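*Asks:* Based on what follows, work out the 3D shape:
(2 chains)
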Amino acid sequence: MTTQDQHQEKIEDRSLSALYQASRREQPAADLDGEILAQAHRYARSRRRRWLIPLSTAAVILLGTSLTLTLVQPPTEIMAPDEMDDAFSEELAPQSPGPASPPAAAPVIKRQAIMPEARQPAVELQSALPSRAATDADVSVPKEKRSAEMKQQRFSTAPAMPEREVGESIRTPQAWIDAMLTMLRKGDLKALRAELVLFRKRYPELPLPSELADFESQSD
Amino acid sequence: MDGMSDEVLFRRYRKGDAPAFETLYQRYRQSLYLFLLRSCDSSADADELYQDAWSRVITATKPFREGSFKAYLFRIARNLQIDRYRREHLIPVSDDEVVAQVSDPSPTPDARANEQDCTERMKRQLAELPREQSEAFLLKEEGGFTLEQIAEMVRVGRETIKSRLRYALKQLRKVLEDCL
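*Replies:* Numbering: from 1, shown residues only, chains lettered A, B, ... in the order given. Next comes the predicted model:
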């Protein structure tokens, strides 16, 4: 036995340890066990619930944020069809005399936003649209009737858009109709006829405003 | 779950896994109880401290920072026991104090004759040892801690713990010689 072993022996007495282990008979009472375990289960439940609170809070915040972002987007980007009609009608309605306002750019943007396909021809559409003065002078149909008519044409009976042909300029039916109306009013009948043929090729069923419909029937 | 370490079980319990606590409880149920029972003046005190110690573990808001779960559990129990001792005896207890004195444990010849059971004499003798010595002995026997672990828990030097243990064993051997 080394010196270290002898030293260890002084604090490691196996026979004493065995005697002590033999004396280990007492146990905590069963009701004490029960109380402690019941408390542990209660806390475990509350800890499980504690995870649910931040989780549900995060979900609510996420939902609320996305809803808020959706609702506060500027109206130029998202417009309901009715809003667009109103805006369009206002554009066509006679304006009170005053300083000349810039050309009708806003309605063009609005239509672009709701119909993504119309983005590209914005410039074309703008140039095709009559000036406000010309429009004001030519508008003879009452505002309400015109608005209802346009609405019916654009949203009630509009067929599904056919596949776009390669090289064909991209524009909405309404923009096309507007351009043709302008041609009619300017008396550019040859070009109008050609446009009507193209229009019918693409939108065979789409009703036209009365002016254009009359012209179309006369041409036939 | 029986194969899991104490620390993993405790982490799982803190996340709400009640069966993990039950496994931990079964592991230390008896040793912690006996540590307190042998350290306290009465079994009623031991019961109360035992429940308090487990309650502290159950309601712990932060994980223990250092050492093992077993050391954490016994440290809680020891602190509770010291607090009670201070309250009841109204005297300060210094952890750094090296108690070299050995109380005179020799029972009278009549008492010795009455103690038939060596284990009963062991318990009685343990209760008569100075608190620091019995504590070191119990932490070693019930907790299975090494000298270093006991020294860290009691916050005294390793040599101090060794000295306390040596005196405790010497005294127990002397009284229980015929049982060994």
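
*Asks:* Got the confidence number for A:Met161?
*Replies:* Listed pLDDT for A:Met161 reads 48.

*Asks:* Let me fix that, I meant to ask about A:Ala87.
*Replies:* So, for A:Ala87, pLDDT stands at 55.

*Asks:* Please apply the same query to A:Ala213.
*Replies:* Looking at A:Ala213, the pLDDT reads 87.

*Asks:* what residues are up against it?
*Replies:* A:Ala213 makes contact with A:Pro207 under the criterion Cβ atoms under 8 Å, 6 or more residues apart in numbering or on different chains. Quick note: C-beta positions are derived from backbone N, CA and C, even for glycine.

*Asks:* cutoff 6 Å now
*Replies:* By Cβ atoms under 6 Å, 6 or more residues apart in numbering or on different chains, no residues touch A:Ala213.

*Asks:* How far off centre is the helix or strand hosting B:Leu165?
*Replies:* Using DSSP states H and E, B:Leu165 maps to helix B:158-175. In terms of Cα atoms, centre = their mean, to the nearest Å, the centre of helix B:158-175 is found 15 Å from the chain centre.

*Asks:* Pull out the buried residues from that helix.
*Replies:* For helix B:158-175, a neighbour-count test (16 or more other Cβ atoms under 10 Å in any protein chain shown) marks B:160-169, B:171-172, B:175 as buried.

*Asks:* would you list the residues you listed in CSV and tack on pLDDT and distance to B:Leu147?
*Replies:* Shown next, in CSV, are the buried residues of helix B:158-175 (pLDDT from 0 to 100; distance: Cβ to Cβ, whole Å):
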residue, pLDDT, distance to B:Leu147
B:Thr160, 94, 10
B:Ile161, 94, 5
B:Lys162, 94, 6
B:Ser163, 94, 10
B:Arg164, 94, 10
B:Leu165, 94, 7
B:Arg166, 93, 11
B:Tyr167, 93, 14
B:Ala168, 93, 13
B:Leu169, 93, 13
B:Gln171, 92, 18
B:Leu172, 92, 17
B:Val175, 88, 23
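
*Asks:* so A:Tyr43 makes contact with B:Ile58?
*Replies:* Yes: if you go by Cβ atoms under 6 Å, A:Tyr43 and B:Ile58 touch, sitting 5.1 Å apart.

*Asks:* ok, which residues in chain A are in contact with chain B?
*Replies:* A:10-11, A:13, A:15-16, A:19-20, A:22-24, A:26-28, A:32, A:36, A:39-41, A:43-44, A:47-48 (Cβ under 6 Å from any Cβ of the partner chain).

*Asks:* so where's chain B uncertain?
*Replies:* Where chain B drops to pLDDT under 70, the residues are B:90-116.
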